[in-house]
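Engineer: One predicted model, sequence on top.
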Amino acid sequence: MAKAAVIASVLLGVALGRLNSPGGPPPMPSFSASALDHDFILVGVDGTHKPMFRKISFKYDGKTGDNEWLLTYSTFGAVSPAFEYFQAKETCVGGECMVMDRNGTLLYKGHQANIRILQELLHDLPQEGVKDSMEKL
């Protein structure tokens with residue numbers, strides 16, 4: 001989840017960097033971003049844990065709004081030890097999203113649970129985002 005927060009910061013940074021017109025933000029340009037694991041642990045209810053993902057990649061097409069997330073797990077909650085080869089891929093084309101999770105053992109329409117809110121915010125930003133200042137959106 002920490003990696004997703006990094007990508008959210010990148011998305012917001014791109015939007016804030018291009019906010020130079022009154023009203024809402026202009027369309028985002030095409031870009032890609034990635035975040036790699038950092039040696040830190042997260043405090044949890046029952047102790048400390050490594051972040052769930054060790055690598056996250058994101059691609060965005062500014063002309064169509066199509067995007068792709070590739071999440072590489074560092075742990076898998078229901079099984080031990082860590083399964084570092086598990087990946088989840090979410091692809092959104094024309095407003096329809098598909099997820100291939102756990103290396104294809106799960107396929108479904110919609111959003112991958114760990115990035116659902118980021119996708120909803122990304123989708124709503126052009127219509128709902130309001131420029132208050134360069135620091136606030």
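Structural biologist: Received it, and whenever you're ready, just let me know what you need.
Engineer: Can you name the helix or strand that residue 127 falls in?
Structural biologist: Take DSSP states H and E as the rule and residue 127 turns out to sit in helix 116-128.
Engineer: Same question for residue 64, what's its three-state structure.
Structural biologist: Here residue 64 is coil, with the state taken from DSSP: H, G, I helix; E, B strand; the rest coil.
Engineer: any idea how far it lies from residue 28?
Structural biologist: When distance is defined by Cβ to Cβ, to the nearest Å, residue 64 is 11 Å away from residue 28. All C-beta spots, glycine's among them, are computed from the backbone N, C-alpha and C.
Engineer: So for these two, which sits in the more crowded spot?
Structural biologist: Set side by side, residue 64 and residue 28 show more neighbours around residue 28, with 18 against 12, by other Cβ atoms under 10 Å.
Engineer: wait, that one sits on residue 60?
Structural biologist: Yes - using Cβ atoms under 8 Å, residue 28 makes contact with residue 60 at a distance of 6.5 Å.
Engineer: give me the beta-bridge partners of residue 89?
Structural biologist: residue 70, residue 100 (DSSP bridges).
Engineer: neighbours around it, how many?
Structural biologist: Residues near residue 89, counting by other Cβ under 10 Å: 17.
Engineer: what's the spacing between it and residue 33?
Structural biologist: As judged by Cβ to Cβ, residue 89 and residue 33 stand 16 Å apart.
Engineer: next one: residue 111
Structural biologist: For residue 111, the distance to residue 33 equals 18 Å [Cβ to Cβ].
Engineer: Have a look at the two and say which one is more surrounded.
Structural biologist: residue 111 (19 against 16).
Engineer: Ramachandran angles for the more buried one?
Structural biologist: Recorded main-chain torsions at residue 111 are phi -120, psi 150, according to degrees, to the nearest 10.
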